[in-house]
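Enquirer: Quick one, structure for this:
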Amino acid sequence: MCMDIRIKCNCGKNFVPFNLRDNILPEEVIENLYCPEESKSIKFDSSKMINDNGWIIEYNMELAKFICSKKLDLAPNEVTPEFLFDEGYATWKEVFPGEQKLSKIEREKILKLAKTNPKEYFKEFSKWANERMEKFKSLGWRKAQNC
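Expert: Coordinates of the predicted model:
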């Protein structure tokens, strides 16, 4: 089970949905979130931050290491920002912030085919899903790289 939370970026313009895999970590493990606009002025620290296409997540690594050592039996050096993000312990709910909204708009166009031509609908839906992941990969979104 994943806990679904929404974190506001530091400038307050964006709310981003996050998953906290298996409820292992509390939302306080996400110390700061910087949108691409504000991340340009942030001093990046790879020991506690991850950059995903200009979005920077700053983790409370002390908290993450403590909890992961107790609940997951991991050594502190195994708990990195990359581990937290890539393994889903504190990561975007979507492929990237705003992806769900964009996906909904794109899907609505294809859904119209379901009523008139179901066979074509399945073909187009599959094509759309594959092409969008390839597009996200080429744009460098971290979660799309493993799809």
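Enquirer: burial count for residue 34?
Expert: Residue 34: 22 surrounding residues under other CB atoms under 10 Å. Just so you know, the C-beta spots here come from the backbone N, C-alpha and C atoms, and that holds for glycine as well.
Enquirer: Give me the domain ranges for the chain.
Expert: 2-92, 99-146 (automatic domain parsing).
Enquirer: Go through those domains and find the least confident stretch.
Expert: Sorting the domains of the chain by mean pLDDT places domain 99-146 lowest, at a mean of 90.
Enquirer: just how off-centre is that one within its chain?
Expert: Centroid separation between domain 99-146 and its chain, computed with CA atoms, centre = their mean, to the nearest Å, is 18 Å.
Enquirer: Report how many residues lie close to residue 60.
Expert: Applying other CB under 10 Å, we find 18 residues neighbouring residue 60.
Enquirer: Surely it touches residue 28?
Expert: Yes: using CB atoms under 8 Å, residue 60 is in contact with residue 28, at 6.3 Å.
Enquirer: Helices along this protein, start to end?
Expert: Ranges of helices in the chain, per DSSP state H, are 36-39, 61-71, 81-86, 99-116, 118-138.
Enquirer: Mind checking those helices for the one nearest to residue 53?
Expert: helix 36-39 (7.3 Å; CB to CB).
Enquirer: Look up how far residue 109 lies from the residue nearest to the spatial centre of the chain.
Expert: Nearest to the mean C-alpha position of the chain, counting by CA atoms, centre = their mean, stands residue 92 at 2.1 Å. Counting by CB to CB, to the nearest Å, the gap from residue 92 to residue 109 is 24 Å.
Enquirer: Please apply the same query to residue 6.
Expert: Noted for residue 6: a distance of 27 Å to residue 109, by CB to CB.
Enquirer: ditto for residue 117
Expert: Here the criterion is CB to CB. By it, residue 117 lies 14 Å from residue 109.
Enquirer: Repeat that for residue 54.
Expert: Distance of residue 54 to residue 109, given as CB to CB: 28 Å.
Enquirer: The two: who's more crowded?
Expert: Counted by other CB under 10 Å, residue 54 and residue 109 do not tie: residue 54 has more neighbours, with 13 against 10.
Enquirer: Skipping adjacent residues, who's closest to the more buried one in space?
Expert: Spatial nearest neighbour of residue 54, chain neighbours left out: residue 36 (3.2 Å); criterion: CB to CB, 6 or more residues apart in numbering.
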